Every structure is written in structure tokens, then in C-alpha cells.
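**Q** The sequence and its predicted three-dimensional model are supplied below.
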Amino acid sequence: MMTGSLCPSPAERLNRARADLRMGLPVVLDETTLAASVESLDPARLAAMRALGPLTLAITSWRAETLKARVYDGDLARIMVPESADLRWLQAIADPADDLATPMKGPFRTQREDDASVARAAIRLVKSAQLLPAALLVQVADAPEGLTRLTVTEAMEGMANEARFAPVSAARVPLRASEAGRVHVFRPDNGAEEHYAIEIGAPDRMKPVLARLHSACFTGDVLGSLKCDCGPQLDAALRQMGEAGAGVLLYLNQEGRGIGLANKMRAYSLQDQGFDTVEANHRLGFEDDERDFRIGAALLKRLGFSQTRLLTNNPKKVAMLQSHGIDVVERVPLKVGMSRFNANYLATKAAKSGHIL
Ligand SMILES: Nc1nc2c(ncn2[C@@H]2O[C@H](COP(=O)(O)OP(=O)(O)OP(=O)(O)O)[C@@H](O)[C@H]2O)c(=O)[nH]1
Ligand SMILES: [Zn+2]
């Protein structure tokens, strides 16, 4: 029997829940419901859940809209799973990859009675595990031992809470852009992603620092993808900081605007079917931007900065920093890396996401 401080805290159980969902294990919500990610479920676990009672599939209203399923719960829909439905049926609802090839998926019966808060927490959990936002639910009288347990309140509050970051390590790394580079690694207290800060020179903490919040883009930053402008933005930001002799670039591990690389590649393949970057996210069931923008403000403060000259074309980043205690004295545009492959992408960001072209 674990006692006192050796017991996992709600935040620790939340992080376990993410790992369990990624492995295909259900988690117990409010002691009443088992929730599993459709994406990672296997046939044996599906059969075990089905043996417990009628199954419900929770999806977001974005996904429901594409599937023409009636939405009674605002931001989500609860589809009643027919007894004949197998794993492929569930996966076809979760994953839009074959929507165009097999458009006739319904009609679906969606639940309108009872409270949707357990379903909502389940969707939030699978999303925060960077899985497709589709959660299979079954009600239970006695939840099996050994599964991770959370109340809906613990899950929702845990995901809404702002992480606190501690510096882990830092070292000098001479860069092409500046020999006076220093890389800092920060670790959150909630078991989530680490993020990095690249400090150039020795910026004066009493003056506005030339800063960039850069969200990870494996394809753009590492591979030199022409589908976006991330790689050239990363290079140009560091170069400008090198030329100015001082600056700070936060490299935030929020791949794919927070949906993760696997989902970003799903979004790219929808873009190949003709959908734009925003529509692709929505068809997958995500918001167009799932990033937690508070992280950037927290890290800047942790590094001792309170005023910035922010390199960005995204007014939302400016507004977020302002509302979280970082003064943005100037927005410095960062317009580089346009190509014929990303012209539509950049135009969509300007038209739909408020970016300044
Ligand atoms: N979901 C999704 N993410 C994408 C796509 N293209 C690029 N990204 C991600 O978008 C993010 C771009 O981040 P940033 O360049 O920091 O942010 P921004 O909002 O474009 O703002 P600024 O560049 O500062 O003007 C990265 O996480 C990329 O991985 C896409 O088509 N779909
Ligand atoms: Zn990119």
C-alpha cells in the first residue's frame, strides 16, 4: 500500500493516462467509464470493452460535421456504436484518410441525453496524447484494477493548468548564426514535453530582447521542406539575433501546431486531396491551432525577460505574450522562405488564421 507522498498525484496520473492511451489501454474516468483511444485500440481490447456493455464513440464537432452526425453536445458528438461495428468501422470514423474514397459512412445515431462531460474529458485526453480525437467509451459498475484512474475534474483541471518549468541544463553551442550561442533545456513539472531556449550573446534583461517563439517543425526545420516557411524562419531569426549580437529563440516542441508529427502527416495527406491547412486540421477533428501559447511567456519569464521585440507574423502570439505578462514593444515581421509550394499555405494562414502577409 502506497502512502503519503509516494502516491501519484493527479498530474502524475494524468501523464500516466496519456501513456496508457497511446499504448491502447483504457483509462477509468470518474469510476464510471472506461475510455480508450480508437487509434491505438486493438481487437482484443475492443472485444473486452464490448463485453462490458454498449459502446459510445466520442468525436469532436469538427469531425461530426464532416461525417454529418448530429451534434447535441456543442463541441462534441457521442455516436452510439452498432453491435456489428468492428475496429475498422471505428477507425474509419476516427481517421478521415479514406473519407473521399468511401464517403457514405452513416447515418449515425448520436446520443443527446445525459451529461457529456466524461466524453469531453476523454476527447481532451486523447488529444493531449497527440492521438486522433476519437475516444471509445463504455460504462462500468466496477472498473478493473490496474488501470489509471482520474476524475473528470482532475483531468480537465490538469490539462488546463499552466506547467511550471525548471531549467535542467545549459551549455555553450557555437552556431553558424553566432558563435555566442547557448542552449538551455527546460522541463515542465507535469511530465509533458521539454522545450528549449537558444540564447544569443548576453541580452540585457532590463531592455526589450529580440525574441522568437518557434514551434517545432520537423519537416521544415530539419528536412528543409518547402511546404511551409518554418526552416527559413528559424534560420533568419537566429541570423538576425546574431547580427544584433543578442536575442533569444524559444524552440517549443509543439510540432504541427500542437497535433504532433503523426497527425501533421495525416493533415498533409488531406492537403494532397485538396483541403487547405485549416480544413485538414478540422477534418481530423482538431482545432486549427492546438498550441498552448502560455508556455512561451512562462519560459521568457523564467529566463528573466519581461519585454520583447517579437519576430513573428502572427498577431495571436503578440496578444498571448501581452496577456501573460510579457510586454511586446514591437512586432518584427519575419517574411522569408516563400515558395511556389507554400504560397497557398501562407495565403490560407493570412485569410483564416489572422497572419499578416
Ligand atoms: N497542423 C499543421 N501544422 C503545420 C502545418 N504546416 C506547418 N505546421 C506547423 O505550424 C507551426 C508553425 O509554427 P510557427 O512558425 O512558430 O508559428 P506561426 O503561427 O506560423 O507564426 P509565425 O511564424 O511566428 O508568424 C509548426 O509547429 C509547424 O510544424 C500544417 O499544414 N498543418
Ligand atoms: Zn513548418
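**A** Structure's in. What do you need? As the structure is a computational prediction, the values presented were derived from the model and not from experiment. Ligands and ions are numbered 1, 2, ... in the order given.

**Q** make it CA atoms for all contacts and neighbour counts henceforth
**A** Noted.

**Q** so what pLDDT did the closest residue to Pro188 other than its chain neighbours get?
**A** Leaving aside its chain neighbours, Pro188 sits nearest to Phe165 (4.3 Å; criterion: CA to CA, 6 or more residues apart in numbering). Note for Phe165: predicted pLDDT of 97.

**Q** Could you tell me how many residues sit around Phe165?
**A** When neighbours are counted by other CA atoms under 10 Å, Phe165 registers 18.

**Q** One more: the one 4 residues further on?
**A** Look at Ser169: counted by other CA under 10 Å, it has 10 neighbours.

**Q** All further residue positions should be reported with the first residue as 58.
**A** Shifting the count to begin at 58 puts that one at Ser226.

**Q** is it in a bridge, and if so with what?
**A** Val242 (DSSP bridges).

**Q** pretty sure it contacts His241?
**A** Yes: using CA atoms under 8 Å, Ser226 is in contact with His241, at 5.9 Å.

**Q** Surely Ile180 is in a helix?
**A** Yes: per DSSP: H, G, I helix; E, B strand; the rest coil, Ile180 lies within a helix segment.

**Q** Pull the contacting residues for it.
**A** 115-117, 190-192 (CA atoms under 8 Å, 6 or more residues apart in numbering).

**Q** That one and ligand 1, how far apart?
**A** Counting by CA to the nearest ligand atom, to the nearest Å, the gap from Ile180 to ligand 1 is 18 Å.

**Q** Same check on His271?
**A** 4 Å.

**Q** Show me where this protein has its helices.
**A** 67-80, 100-107, 118-124, 144-151, 174-185, 209-217, 287-301, 317-329, 334-341, 351-359, 372-380, 400-410 (DSSP state H).

**Q** least reliable of those helices going by mean pLDDT?
**A** helix 400-410 (a mean of 88).

**Q** What is that helix packed up against?
**A** For helix 400-410, the elements it packs on are helix 334-341, judged by 3 or more CA pairs under 8 Å, 6 or more residues apart in numbering; DSSP states H and E.

**Q** Contacts for the helix it packs on next, please.
**A** So helix 334-341 is contacted by 119-120, 123, 151-153, 189-190, 323-325, 327-328, 344-345, 402, 405-406, 409 (CA under 8 Å, 6+ apart).

**Q** And ligand 2, is it touching that?
**A** No: interface with ligand 2: helix 334-341 contributes nothing (CA under 5 Å from the ion), its closest point being 11.3 Å away.

**Q** the inter-axis angle of that helix versus helix 317-329?
**A** 110 degrees (axes from the mean of the first three to the mean of the last three CA atoms, to 10 degrees).

**Q** what's the neighbour count on Gly131?
**A** 9.

**Q** Where does the stretch 58-207 of the chain get nearest to ligand 1, residue-wise?
**A** Gln187 (11.5 Å; CA to the nearest ligand atom).

**Q** and the protein, which residues reach ligand 2?
**A** Residues of the chain lying near ligand 2 by CA under 5 Å from the ion: 274, 277, 285, 287.

**Q** of all the residues you listed, which two lie farthest apart?
**A** Spatially, the most separated pair among these is Cys274 and Cys285, at 9.0 Å (CA to CA).

**Q** before we move on, back to that, so which of the residues of the chain next to ligand 2 comes closest to ligand 1?
**A** Cys274 (3.6 Å).

**Q** dump the residue contacts of the nearest residue to that closest one once chain neighbours are set aside.
**A** Spatial nearest neighbour of Cys274, chain neighbours left out: Glu312 (5.4 Å); criterion: CA to CA, 6+ apart. Glu312 is in contact with 272-275, 318, 321, counting by CA under 8 Å, 6+ apart.

**Q** Dump those residues to CSV, plus neighbour count.
**A** Formatted as CSV, the contacts of Glu312 follow (neighbours: other CA atoms under 10 Å):
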residue, neighbour count
Ser272, 22
Ala273, 24
Cys274, 26
Phe275, 17
Leu318, 18
Lys321, 21
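
**Q** so how many other residues sit close to Glu69?
**A** 16.

**Q** Now do the residue nearest to it when sequence neighbours are not counted: how many residues are near it, please.
**A** Sequence neighbours aside, Asn247 is the residue nearest to Glu69 in space, at 6.7 Å (criterion: CA to CA, 6+ apart). Look at Asn247: counted by other CA under 10 Å, it has 20 neighbours.

**Q** same thing with Ala142?
**A** Residues near Ala142, counting by other CA under 10 Å, number 10.

**Q** same deal with Gln297?
**A** Other residues near Gln297 come to 17 when the count uses other CA under 10 Å.

**Q** any idea how far ligand 1 is from the residue positioned nearest the centre of the chain?
**A** Geometric centre of the chain, nearest residue: Gly315, 2.8 Å, by CA atoms, centre = their mean. Per CA to the nearest ligand atom, Gly315 is found 6 Å from ligand 1.

**Q** ok, that residue - contacts?
**A** 187, 346-349.

**Q** Ok, Gly299 next?
**A** 234-235, 257-258.

**Q** Quick check: it vs ligand 2, distance?
**A** 22 Å (CA to the ion, to the nearest Å).

**Q** Same check on Ala337?
**A** In this view, Ala337 and ligand 2 are 15 Å apart by CA to the ion.

**Q** Could you count how many residues lie near that residue?
**A** Ala337 has 25 nearby residues by other CA under 10 Å.
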